[in-house]
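Undergrad: Any chance you could fold what I've pasted below:
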Amino acid sequence: MIYFLRRSRLLSLGLACISALLAACASNVPPAALPTPTTPAPYNAQTSSNAVRPMPPPAIVAQSVPLAAEEIRAAKSPPESASRPDATPDMKPEANLAAPLDRSAPHIALIVPLTSKTFGKVADAVRLGFVAGAAADGKAATPYRIYAADDESAAPSAQTLAGLYRRATAAGAIAIVGGVTRDGANVLARLVATEYSAIPALALNAPDASLPDNFFYISLNLDWEARLVARAAAQEGFKRAAMVTSATALSKRIQDSFEKEWLRLGGEVVAQVAFSGDGSANSNTSANGAQRIKAPLDRAKPDVIFIAADPRAARSARPYLPAGTAVFSTSHALDAKADIATNIDLEGVRFLEMPWFVEKDHPAVMAYSRPEGAMPIDYERLYALGIDAWRLTQLLLKSASAQNSMRGIPPLDGVTGRLTLDGAQFVRALSTVEMRDGQPLLSRSAE
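TA: Next comes the predicted model:
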């Protein structure tokens, strides 16, 4: 028990959960020999726009207008489990290629809240991945411009998502990519519906507004992932599920999504355990807490257990679960980049994860450069999302130029999963992994 307490205190010093940002903000690539592109440095609003930094031609990175002295928040309050200020790659100066946005030229417009205090780092991770996707295409890359928004609101000012959308379409944009938050995705959907629907738009989160023609979205939404886990467990023949949930709003929402899908599939929920994430269950003592986790599970005798928790809480709970019982969770509970000593406590747990982390030798993953320097795993998920945003935009443009139905776009082996268009959503099928000896080992590819 001393081991668990000491381990918990040590782990808590260095970890920050930022997955709520992912929920707030949810083609086959030939294995051609591609040069390893250099990933650009994170965006820096203080850099002069007159300096020039090499980028893969013919792409254009453009600062939309002179940046305001004070940054505008993209939300009234920080999202749950917002990241620490130091939980991001080193910020290095970046120069932009000067490109007046009033000059009309065909380009893909990436509109992300780079200058937002709340979502700036999230947006920058997406930007880095998007540029890495373009870099892999080399000289054949479609021209693109990056529009730095202050927020993702519908306000008519120049630096909002709405203002930059209008500027981009006036400047010759042939596709729009943006909306990293749910509010941003809703704004983008309304703009396509009411102002300009002649070009495709790809949102990077799931909207809850009505969806117009030529609007598409992809999301890292954990609610969807929890439903996929429920389906995976049901497909293996399990019937009686117990749920162990940490005391955060995001974990409870993940549990709720799993439970609804599990019941829809005809499964039974035989126990629910509220877990604090520090070795206790509704208790201030670890010993009593461990017993209160084990007791209801021993009585219920589930044939499968679902953990809804972040990595630290999941590692704390795992040793108290009944031996021999199958355990499933989402990627929210997995740090695929952690070392063996850290992940050993998750032995035997089955996860769904994006190929970017667990299928690194897949041709569709190998083609793209990894981020420079250390990047927290949740930011790296957004980096991977940026790569797939670039690739999906190419598919949308190809389908539009061939005058094909957008709804007939073929599946894509993406770095965030196998992507299939269902209505307006690019649905992600994920890889299945099982923790063995502290390492997430692939048991089934995304399909």
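
Undergrad: need the helices for the stretch 51-200 of the chain, in chain order.
TA: 120-136, 161-170, 182-194 (DSSP state H, counting those that start in this stretch).

Undergrad: So which of those is the most surrounded?
TA: Mean neighbour count, computed with mean count of other Cβ atoms under 10 Å, is highest for helix 120-136 among those, reaching a mean of 26. C-beta coordinates here come from the backbone N, C-alpha and C atoms, glycine included.

Undergrad: Just list what that helix packs against, helices and strands only.
TA: Here helix 120-136 touches strand 107-112, strand 144-148, helix 377-401, going by 3 or more Cβ pairs under 8 Å, 6 or more residues apart in numbering; DSSP states H and E.

Undergrad: closest one to L412 among those?
TA: Of all the helices and strands packed on helix 120-136, helix 377-401 sits nearest to L412, with 6.4 Å by Cβ to Cβ.

Undergrad: chain center to the closest one, what's the gap?
TA: 12 Å (Cα atoms, centre = their mean, to the nearest Å).

Undergrad: looking at this, V365 is in a strand?
TA: No - assessed with DSSP: H, G, I helix; E, B strand; the rest coil, V365 is helix; it does not lie in a strand.

Undergrad: pLDDT weak spots in the stretch 201-350 of the chain?
TA: Applying pLDDT under 70 to the stretch 201-350 of the chain flags residues 277-290.

Undergrad: let's see it at 50
TA: 279-285 (pLDDT under 50).

Undergrad: Where do the helices of it begin and end?
TA: 222-235, 249-264, 286-300, 311-317, 340-343.

Undergrad: So which of those helices is the most surrounded?
TA: Per stretch, and counting mean count of other Cβ under 10 Å, the top mean among those goes to helix 311-317, which has a mean of 26.

Undergrad: Please name every helix or strand in contact with that one.
TA: helix 2-14, strand 240-246, strand 268-275.

Undergrad: which residues touch the residue of the chain most remote from its centre?
TA: The outermost residue of the chain relative to its centre, with distances by Cα atoms, centre = their mean, is R299 at 37.2 Å. R299 is in contact with A271, counting by Cβ atoms under 8 Å, 6 or more residues apart in numbering.

Undergrad: any idea how far it lies from I146?
TA: Distance, R299 to I146, by Cβ to Cβ, to the nearest Å: 56 Å.

Undergrad: okay, the helices and strands packed on helix 120-136, which one's buried deepest?
TA: The most buried one of the helices and strands packed on helix 120-136 (mean count of other Cβ under 10 Å) is strand 107-112, showing a mean of 28.

Undergrad: helices and strands around it, which ones?
TA: By 3+ Cβ pairs under 8 Å, 6+ apart, strand 107-112 packs against helix 120-136, strand 144-148, helix 161-170, strand 173-178, helix 377-401.

Undergrad: any chance of the helices of the stretch 51-200 of the chain in CSV, plus distance to D310 and mean pLDDT?
TA: Formatted as CSV, the helices of the stretch 51-200 of the chain follow (distance: least, Cβ to Cβ, whole Å; pLDDT from 0 to 100):
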stretch, distance to D310, mean pLDDT
helix 120-136, 17, 97
helix 161-170, 29, 95
helix 182-194, 21, 95
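
Undergrad: and of the ones you listed, who's closest to R315?
TA: helix 120-136 (24.7 Å).

Undergrad: That closest one: how far from the chain's middle?
TA: 12 Å.

Undergrad: what does stretch 309-321 give?
TA: 22 Å.

Undergrad: Extract the CA atoms of it and return them as CSV.
TA: Taking Å, rounded to 0.1, in the frame of the first residue of the first chain, the C-alpha atoms of stretch 309-321 are listed here in CSV:
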residue,chain,number,x,y,z
ALA,A,309,-10.8,7.6,-15.9
ASP,A,310,-7.6,9.4,-16.8
PRO,A,311,-4.3,7.5,-16.9
ARG,A,312,-3.3,8.3,-13.3
ALA,A,313,-6.7,7.2,-11.9
ALA,A,314,-6.9,4.1,-14.1
ARG,A,315,-3.4,3.0,-12.9
SER,A,316,-4.6,3.5,-9.3
ALA,A,317,-7.8,1.5,-9.8
ARG,A,318,-6.4,-1.4,-11.8
PRO,A,319,-4.7,-3.4,-9.0
TYR,A,320,-7.9,-3.6,-7.1
LEU,A,321,-10.0,-5.1,-9.9
